[in-house]
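Q: my questions concern the predicted model and sequence given below.
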Amino acid sequence: MAKVFSGIQPTGIVHIGNYLGAVKNWVKLQNEHDCIFSIVDLHSLTIPYEPKSLNQRVLDALATNIAAGLDPEKSSIFVQSLVPEHTELSWLLTTITPVGNLERMTQYKEKSEKQGLLAGLLCYPILMAADILLYKAELVPVGEDQLQHLEITRVIARKFNSTFGEYFPEPQPNLTKATRVMALNDPACKMSKSISGSYIALTDSPEEITNKVKRAVTASDVDGKMSPGVANLFTLLEAFAPQDVYQKFMKDFNTGTLKFSELKPALAEAIITELTPIREKRTELLAKPKILEEIVEAGTKRAKKEASENMQEIKELMGLKLHF
Ligand code: AQP
C-alpha cells in the first residue's frame with residue numbers, strides 16, 4: 001500500500017480533463033492505497049480571483065469530487081489552507097530550491113506572460129512539493145501537465161535528503177490513459193478551466209454536452225493519420241464509451257468510413273451517461289453544506305495530525321528544534 005497525495009485547484013468548475021487525468025484515477029486508487037486529497041486553495045491564489053467567490057468555489061470543488069466518487073471513509077479529503085504546515089514546509093523548501101529549475105517551468109512561462117512576473121507563480125512548484133513531501137507521499141496521480149512540477153519535487157527531495165539526511169521518498173507520477181485531454185475548440189492546447197469553450201464541465205447539462213461535442217474541432221486527417229482533434233475525440237470515446245462502441249468507430253476510421261454525424265452523438269451520449277449521476281449527486285451535496293463541513297473537519301484532522309508529526313521531524317533535521 002503506497003501513500004498517495006494529489007490536489008485540485010478551486011479555480012472553476014471541474015472539467016472532464018481534470019476528471020479523466022486525475023479525479024477518476026483518485027477514485028480507483030483510494031481502494032488500494034492510503035490516499036490524501038486536497039482542494040488546493042492556496043495554489044489557486046496565483047491566478048486572478050474574486051475573494052467573495054472563493055468560498056463557494058471551494059465548496060463546489062469538494063462537492064464535485066465527492067460526487068465523482070471520492071469517499072471520505074477511504075481517503076482524507078481536506079482544504080489546503082486549513083493545514084498551515086503546507087506553507088511552513090513550503091518556506092523551508094524554498095531555501096534549497098534552485099531558481100533556475102523554477103524559471104524553466106512551462107506553466108510559469110505561460111501564466112507569467114499573461115499575468116506578469118509574480119513570485120507566487122514562480123514558487124507554485126515549491127508549494128506543490130511541500131503538499132506532497134509533507135505526507136511523505138510516494139505516488140502522485142496527476143495529468144501530464146503536472147509532470148514538470150513533480151520532477152522539481154523529486155529534485156527538492158533529493159537535495160533535502162543529501163543535505164539534512166535521508167527523509168523524503170522520491171514521489172512517482174501515476175498517469176491515466178487520458179493524461180492530456182485537449183481543448184475541444186483548439187486541440188493544440190490542453191483542456192483548461194480558464195479557457196472558455198475548451199472544456200466540458202462535470203456540471204454541464206445533457207444539452208450543453210451534446211452541443212459542445214457537436215462543435216468540437218476535428219479538421220481533416222492527413223494521409224490517414226488522425227488529426228489532433230479526432231484523436232482527442234477517440235481518447236474521450238475510449239474513456240467514456242463501452243469498449244465495443246470504441247472498437248466500432250476505430251474500425252470505421254481505419255476503413256475510411258468514419259462519420260462524425262454518428263461518432264459525435266455516440267460520444268455525447270456516453271459522456272452524458274457517466275456525468276449525469278455525478279451532476280445530480282453534486283447538486284444534492286451542495287444543498288447539504290453540513291455534510292461537506294463534517295467531511296472537511298474529519299479529513300483536516302487526519303491530515304493535520306500527520307502533517308504536524310512530520311513537520312517536527314523535518315524541523316529537527318534542519319536544526320530548527322530548540323533544545324535548552
Ligand atoms: N486537460 C487535462 N487533461 C488531463 N488532466 C488534466 N488536468 C488538468 N487539465 C487536464 C489534471 O487535473 C488535476 C487538477 O488540475 P488543477 O485544477 O490543479 O490545475 P490545472 O492543471 O492548471 O487545471 P486547469 O483546468 O488547466 O486549470 P486552470 O485553467 O485554472 O490552470 C491535475 O492533476 C492536472 O494535471
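A: Arrived safely, thanks for sending.
Q: spatially nearest residue to whichever residue of the stretch 101-250 of the chain sits closest to the ligand (excluding sequence neighbours)?
A: Evaluated by CB to the nearest ligand atom, the stretch 101-250 of the chain has residue 143 as its residue closest to the ligand, separated by 2.4 Å. C-betas here are computed from N, CA, C, even on glycine. The shortest distance from residue 143 to any residue other than its chain neighbours is 3.1 Å, reached at residue 21 (CB to CB, 6 or more residues apart in numbering).
Q: could you do residue 275 as well?
A: In space, not counting the residues next to it along the chain, residue 275 is nearest to residue 202; the distance is 5.8 Å by CB to CB, 6+ apart.
Q: follow-up on the earlier one: next, count neighbours for the residue of the stretch 101-250 of the chain closest to the ligand.
A: Applying other CB atoms under 10 Å, we find 21 residues neighbouring residue 143.
Q: swap in residue 93?
A: One way to gauge burial is a neighbour count; for residue 93, by other CB under 10 Å, it gives 25.
Q: residues in contact with the helix or strand hosting it?
A: When elements are defined using DSSP states H and E, residue 93 is found to belong to helix 85-94. By CB atoms under 8 Å, 6 or more residues apart in numbering, the list of residues contacting helix 85-94 from outside reads 42, 80, 123, 126-127, 129-131, 133-134, 156, 160, 304, 307-308, 310-311, 314-315, 318, 320.
Q: try it again with 7 Å
A: Contacting residues not belonging to helix 85-94 are listed as 42, 80, 123, 126-127, 129-131, 133-134, 156, 307-308, 311, 314, 318 [CB atoms under 7 Å, 6 or more residues apart in numbering].
Q: quick one, strands of the stretch 201-324 of the chain?
A: Counting by DSSP state E, counting those that start in this stretch, the stretch 201-324 of the chain has no strands to list.
Q: where does it dip in pLDDT?
A: Residue ranges of the stretch 201-324 of the chain with pLDDT under 70: 220-224.
Q: how about the helices in it?
A: Listed in chain order, the helices found in the stretch 201-324 of the chain under DSSP state H, counting those that start in this stretch are 206-215, 228-240, 243-254, 260-286, 289-317.
Q: who touches the closest residue to residue 216 other than its chain neighbours in this structure?
A: If you skip the residues right next to it in sequence, residue 216 has residue 184 as its closest partner in space, 4.3 Å away by CB to CB, 6+ apart. Shown in contact with residue 184 (CB under 7 Å, 6+ apart): 198, 212, 216-217.
Q: filter those down to the ones near the ligand?
A: Restricting these to those touching the ligand (CB under 6 Å from any ligand atom) yields no residues.
Q: any idea which of the helices of the stretch 201-324 of the chain is most buried?
A: The highest mean neighbour count among the helices of the stretch 201-324 of the chain, using mean count of other CB atoms under 10 Å, belongs to helix 228-240: a mean of 20.
Q: ok so, going back, quick check, the residue nearest to residue 143 in contact with residue 182.
A: No. With contact taken as CB atoms under 7 Å, residue 21 and residue 182 are classed as non-touching, separated by 11.2 Å.
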